[in-house]
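Peer 1: After the sequence you'll find the predicted model.
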Amino acid sequence: MRLLVLTLVVHSVACSGALAERFVLVGSWGGEIRRFKLDGTSMGTFIAAGTAGMSFPDGMAYGPDGHLYVSDANNARVLKFNGATGAAMGTFAAGGMQRAGYCAFGPDGKLYVCSNGDNAVHRYDPSSGAHLGAFALATGSASGMSYPAGLAWNGNTMYVSGFVDGKVYRFDATTGASLGTLNGTFNQPLYLRFGAGGNLFVSEYGRNAIARYNFIQNRVVTSITNGMNGPVGQVVLPNGQLLVCEYNSGILNRYNEANGALLGRFGTDTLPACNDILITPDLVVPAPAAACVLGLAGLVAMRRRR
């Protein structure tokens, strides 16, 4: 009897999805969001194209509530999805933004969205989704910011890439005041990531490269070009490898973050027009209900036979 009780407990834990796991999510401008294990094993479609009317997802971010927020570019809104199952939870934020681009939660907990149509970054309340106004504008010493495409924070500074003008802009993360630009010009810069040692990695779509900007030398010190074919989204895996979405080839490549060496593909899937990429927090993914019911029925039947 004790063995049966223990078995039932273990079975119940397994069926409740109590074991948490992290995943890699990859978005496609074709509309789909796909999920992978950290070793590159494909888990298939997480959110199907057209779900909740989604058109041209351009950015993804996990919120403090554990749910997934996706910029729906062509509809100028941010959609909310269940972080573990991908189920649609409706429109979270709309208004203010003109064509929703890359999105991210800032250090203050608010949701920031690149608004490509009016060359600004807009803020939204993390609980209600209420529009809190334009935050970073193409004004002052940052005059000319065109098509903001990527966001990243370091300390009290927010960095925004201007895809059309080839600059990376700096703003005070508290006030939104312009702090000028980084040295140099980038070729169609898209997404930004801070990596080891505080270096900023900039995806240069127009040059098929990832530029590494060093703030001590105040310049680009190295560029990763091996195997690049339209780099867009990038993220650092828990093992320290840099994972990059190649928009033109529809594949994911792994790189040594320190020296830029190409380490091979991440998985075998091809995802046309892949763009944003992120690593989820620890997620509890429910086991299929049917399998759990059948397993439980089998345990009960086994007990009766005994």
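Peer 2: Cool, the structure landed.
Peer 1: Could you list the low-pLDDT ranges of the stretch 51-200 of the chain?
Peer 2: In the predicted model, the stretch 51-200 of the chain carries pLDDT under 70 at residues 138-144.
Peer 1: Which stretches in it count as strands?
Peer 2: With DSSP state E, counting those that start in this stretch as the definition, the stretch 51-200 of the chain shows strands at residue ranges 57-62, 68-72, 77-81, 88-94, 100-105, 111-115, 120-124, 131-137, 148-154, 157-162, 167-172, 178-181, 189-194, 200-204.
Peer 1: In CSV: these, plus mean neighbour count and distance to residue 221.
Peer 2: In short, each C-beta sits where N, CA and C put it, glycine included. Formatted as CSV, the entries for these read as follows, by neighbours: other CB atoms under 10 Å; distance: least, CB to CB, whole Å:
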stretch, mean neighbour count, distance to residue 221
strand 57-62, 23, 27
strand 68-72, 26, 31
strand 77-81, 22, 35
strand 88-94, 17, 37
strand 100-105, 25, 24
strand 111-115, 26, 26
strand 120-124, 24, 27
strand 131-137, 18, 26
strand 148-154, 22, 16
strand 157-162, 23, 17
strand 167-172, 21, 15
strand 178-181, 17, 17
strand 189-194, 23, 15
strand 200-204, 24, 11
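Peer 1: Next, format those as TSV and append distance to residue 51.
Peer 2: As requested, the strands of the stretch 51-200 of the chain are arranged in TSV below (distance: least, CB to CB, whole Å):
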stretch	distance to residue 51
strand 57-62	10
strand 68-72	9
strand 77-81	8
strand 88-94	6
strand 100-105	16
strand 111-115	19
strand 120-124	21
strand 131-137	24
strand 148-154	24
strand 157-162	28
strand 167-172	33
strand 178-181	38
strand 189-194	23
strand 200-204	26
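Peer 1: of those strands, which approaches residue 281 most closely?
Peer 2: Closest approach to residue 281 among the strands of the stretch 51-200 of the chain (CB to CB): strand 57-62, 5.7 Å.
Peer 1: per-residue confidence at residue 14?
Peer 2: pLDDT for residue 14: 44.
Peer 1: thought residue 270 was touching residue 247?
Peer 2: No. The pair residue 270 and residue 247 fails to qualify as a contact (CB atoms under 8 Å) at a distance of 12.0 Å.
Peer 1: Look at the two and report which has more neighbours.
Peer 2: For residue 270 versus residue 247, neighbours defined as other CB atoms under 10 Å are more numerous around residue 247 (22 against 11).
Peer 1: what about the residue lying closest to that one once chain neighbours are set aside, distance to residue 186?
Peer 2: Spatial nearest neighbour of residue 247, excluding adjacent residues (CB to CB, 6 or more residues apart in numbering): residue 230 at 3.7 Å. From residue 230 across to residue 186, the span is 15 Å (CB to CB, to the nearest Å).
Peer 1: Equivalent analysis for residue 75, please.
Peer 2: To residue 186, residue 75 is 29 Å away according to CB to CB.
Peer 1: now residue 22
Peer 2: Relative to residue 186, and taking CB to CB, residue 22 is found at 31 Å.
Peer 1: Neighbour count for those two, which is higher?
Peer 2: Relative neighbour count places residue 186 above the other of residue 22 and residue 186, with 24 against 13, counting by other CB under 10 Å.
Peer 1: mind listing what that one touches?
Peer 2: Residues in contact with residue 186, defined by CB atoms under 8 Å, 6 or more residues apart in numbering, are 161, 166, 167, 168, 202, 204, 207, 211.
Peer 1: Quickly list what the third one is bridged to.
Peer 2: Per DSSP bridges, the residues bridged to residue 167 are residue 162.
Peer 1: Over to the last one?
Peer 2: Taking DSSP bridges, one finds residue 202, residue 223 as the beta-bridge partners of residue 211.
Peer 1: count of neighbours near it?
Peer 2: Taking other CB under 10 Å as the criterion, the count of residues near residue 211 is 24.
Peer 1: so it sits right up against residue 202, yeah?
Peer 2: Yes. Taking contacts as CB under 8 Å, residue 211 lies within contact range of residue 202: 4.5 Å.
Peer 1: Which residues are in contact with each of these two?
Peer 2: Counting by CB under 8 Å, 6+ apart, the shared contacts of residue 211 and residue 202 are 186, 189, 220.
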